[in-house]
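In: my questions concern the predicted model and sequence given below.
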Amino acid sequence: MKAYTKAHSLPADRARALVLARQYVHSPWSGDIAGLIGHLGTLQLDAIQVITRAHLHQLHVRLPRLREAKLTGALESAERERQVFEYWSHAAAYLPVDNYRFARVRMDRIREGQKHWFAKNARLCRFVLDRIRAEGPLKASDFVRAKGGWWSWSEEKKALEQLFHEGELMVSHREGFQKVFDLPERLLPSNVMTSAASETEYGRHLVRSFLRAQGLGREEEISYLRKHDREPVAKAVQAMLKTGELIAVGRELVLSADIESELPAVPRKVRLLSPFDPLVLQRKRLKRLFGFDYQLECYVPGPRRKFGYFCLPILYREGFAGVVDLKADREAGLLRTKALHWREPPGSALLAGYNKALGDFARYHGLAAEGL
């Protein structure tokens, strides 16, 4: 990638301000949930629920006036109306339904034999697909209950997941956190394009959607955890640089419309972010742009943890002030603080902002913040 040579620069403070503005972490999103997911491009799902589901936490940061129950209801409404659908991005995620044709690219690759987690059992896939075609929406437990917990999948569950990744099945909704599967033709609105985008269209879509949501980034960040997308992204970047849609400042890529756009002042606010928030998800990027070295330690053996099982990054203004390990105690009606670590001793403005953010976060869950 050639660096842009005209009189453009991207100082570190402007780079951070651009990222924060495009992520809507300080200025609330003014539209609805479907529009927000459309802007972000992807809303990651995760099974861990120490406080709340990862996708609800990400939405709360950008729609702070809505409590958890209302956020859940609004998201379920968008899902029922098929404004969003569940599929795979860099991980399991909600995606805007208008992007279905871009998801088809991965679906077709899987159907044609691209490797993922397990080998396909074609006979069993036909069996479960025939049952859903005849009986309507079904989940894995409607076939065989897997023994041994979350990671011990039945063969039927593997078949369902295979068909899901191939696009032969879609997630209708979830019951608890269990996927309920149905046929795409029963779920997709009639106006949705179901043919796969071309590789050229797909690559440009990945570049545009990432930079619209993130403000700036590097080529490898656009194809993060998508090794099969590296080539279409690289080709799209080169083509978009030539047409002027993209500008490269050093290794950073920016949409030309954003390079000198007016940005709002970063407010004196504190936000408690999910470990899966798109602002912090790519840890190397986070360290480069914000100087914040962060790790989610739930995957680290207990004796080796420095900060806590499920520490949340504390965003203050344009930087990160520390991490807090929180846990929702629903029986006691409390949001408990297990540990709090500041990078530097906090001043009065930061402490006041943190206490407000903690209280707001507790109320979002219908809880009281312990100690406030």
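Out: Looks like it came in fine. Numbers count the residues shown, from 1 in each chain.
In: quick one: contacts for the closest residue to residue 312 other than its chain neighbours?
Out: Once flanking residues are discounted, residue 312 sits nearest to residue 272: 4.9 Å by Cβ to Cβ, 6 or more residues apart in numbering. Using the backbone N, CA and C atoms, a C-beta is placed for each residue, glycine as well. Contacts for residue 272 (Cβ atoms under 8 Å, 6 or more residues apart in numbering) come out as 61, 312, 313, 314, 315, 324, 326, 357, 358, 361.
In: how about residue 272: which residues does it bridge to?
Out: Going by DSSP bridges, residue 272 is paired in beta bridges with residue 314.
In: just the buried ones from the contacts of residue 272?
Out: Buried members of the contacts of residue 272, counted by 16 or more other Cβ atoms under 10 Å: 61, 312, 313, 314, 315, 324, 326, 357, 358, 361.
In: can I get the residues you listed in a markdown table with distance to residue 195 and pLDDT?
Out: Putting the buried ones among the contacts of residue 272 into a markdown table (distance: Cβ to Cβ, whole Å; pLDDT from 0 to 100) gives the following:
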| residue | distance to residue 195 | pLDDT |
| --- | --- | --- |
| 61 | 35 | 97 |
| 312 | 41 | 98 |
| 313 | 40 | 98 |
| 314 | 45 | 98 |
| 315 | 41 | 98 |
| 324 | 47 | 98 |
| 326 | 45 | 97 |
| 357 | 45 | 97 |
| 358 | 48 | 98 |
| 361 | 43 | 97 |
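In: just the closest of these to residue 206, please.
Out: When those are compared for distance to residue 206 (Cβ to Cβ), residue 61 comes out closest, at 23.7 Å.
In: which element is that closest one on?
Out: Using DSSP states H and E, residue 61 sits within helix 54-62.
In: now for the following helix or strand past that helix, which elements pack on it?
Out: As assigned by DSSP H and E, the chain's next helix or strand after helix 54-62 is helix 68-80. Where contact means 3 or more Cβ pairs under 8 Å, 6 or more residues apart in numbering; DSSP states H and E, helix 68-80 is packed against helix 33-40, helix 54-62, strand 84-88, strand 170-175.
In: swap in 10 Å and give it another go.
Out: Counting contacts by 3 or more Cβ pairs under 10 Å, 6 or more residues apart in numbering; DSSP states H and E, helix 68-80 packs against helix 33-40, helix 54-62, strand 84-88, strand 92-96, strand 170-175, helix 348-364.
In: ok, residues contacting the first one?
Out: Put plainly, it is helix 33-40. 22-24, 28-32, 43, 55, 58-59, 62-63, 66, 71, 73-79, 81-84, 93-99, 209, 212-214, 278 (Cβ atoms under 10 Å, 6 or more residues apart in numbering).
In: drop anything exposed from those.
Out: Here, 16+ other Cβ under 10 Å leaves 22-24, 29, 43, 55, 58-59, 62-63, 66, 71, 74-75, 78-79, 82-84, 93-97, 99, 209, 212-214, 278 buried among the contacts of helix 33-40.
In: strand partners of the longest strand anywhere in the chain, parallel vs antiparallel please.
Out: When the chain is parsed with DSSP state E, its longest strand is strand 319-329. Its sheet considered, strand 319-329 pairs with strand 311-316 (antiparallel), strand 334-342 (antiparallel) by DSSP bridges.
In: got the helices and strands packed on helix 68-80 as a markdown table, with distance to residue 111 columns?
Out: Shown next, in a markdown table, are the helices and strands packed on helix 68-80 (distance: least, Cβ to Cβ, whole Å):
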| stretch | distance to residue 111 |
| --- | --- |
| helix 33-40 | 26 |
| helix 54-62 | 27 |
| strand 84-88 | 14 |
| strand 92-96 | 18 |
| strand 170-175 | 14 |
| helix 348-364 | 41 |
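In: nearest to residue 186, of the ones you listed?
Out: strand 170-175 (8.0 Å).
In: what are the buried residues along the closest one?
Out: Those would be 170, 171, 172, 173, for strand 170-175 by 16+ other Cβ under 10 Å.
In: list the buried residues of stretch 338-354.
Out: Within stretch 338-354, the residues that count as buried by 16+ other Cβ under 10 Å are 340, 346, 350, 353, 354.
In: just checking, the last one touches residue 322?
Out: To tie it back to what came earlier, the one meant is residue 354. Yes: here residue 354 lies in contact with residue 322, judged by Cβ atoms under 10 Å, at a distance of 8.7 Å.
In: shared neighbours of those two, which are they?
Out: Residues touching both residue 354 and residue 322 by Cβ under 10 Å, 6+ apart: 314, 316, 340, 342, 346.
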